[in-house]
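Asker: I need the structure of the sequence given here:
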Amino acid sequence: MPTKRLPLPKRLPLPKRMSVALTQEAYDRLRALNSDYALSNNYLLTVLLSRLDDYADPDRLARVFDDFISEYGAPLPGGMSARKPERPDG
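Answerer: Purely as a prediction, here's the structure:
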């Protein structure tokens, strides 16, 4: 008599990998989530960002970003890899 196969768990495809720079505090929190949920960093970041509206209040999130930008500034147009304009000689 053949044995019944259990269905394989569904896996979320993560086709693109990206390099992410984190503060030590952010990395420590990511590792703590990893130990709680046994998901990779990629999966954790995917869950956090794709479900952001499920757990983050939009007004509080806006204040967090505004506070961060007022303290640290925002990247130059073109992204964080944009070059700073060269200083004219003189």
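
Asker: So what's the residue count around residue 43?
Answerer: Neighbour count for residue 43, taken as other CB atoms under 10 Å: 16. For glycine as for every other residue, the C-beta is placed from the backbone atoms N, C-alpha and C.

Asker: who's in contact with it?
Answerer: Taking CB atoms under 8 Å, 6 or more residues apart in numbering as the criterion, residue 43 is in contact with 12, 14.

Asker: sec struct for it, please.
Answerer: Taken by DSSP: H, G, I helix; E, B strand; the rest coil, the conformation at residue 43 corresponds to helix.

Asker: so where's the protein shaky on pLDDT?
Answerer: Confidence mapping of the chain against pLDDT under 70 gives the ranges 1-2, 79-90.

Asker: residue boundaries of the helices in it?
Answerer: Remark: helices assigned in the chain by DSSP state H are 24-37, 41-50, 52-55, 58-72.

Asker: Switch those over to JSON lines; also include distance to residue 7.
Answerer: Below are the helices of the chain laid out as JSON lines (distance: least, CB to CB, whole Å):
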{"stretch": "helix 24-37", "distance to residue 7": "21"}
{"stretch": "helix 41-50", "distance to residue 7": "20"}
{"stretch": "helix 52-55", "distance to residue 7": "26"}
{"stretch": "helix 58-72", "distance to residue 7": "37"}
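
Asker: Highest mean neighbour count out of these?
Answerer: helix 41-50 (a mean of 14; mean count of other CB atoms under 10 Å).

Asker: No further questions, thank you.
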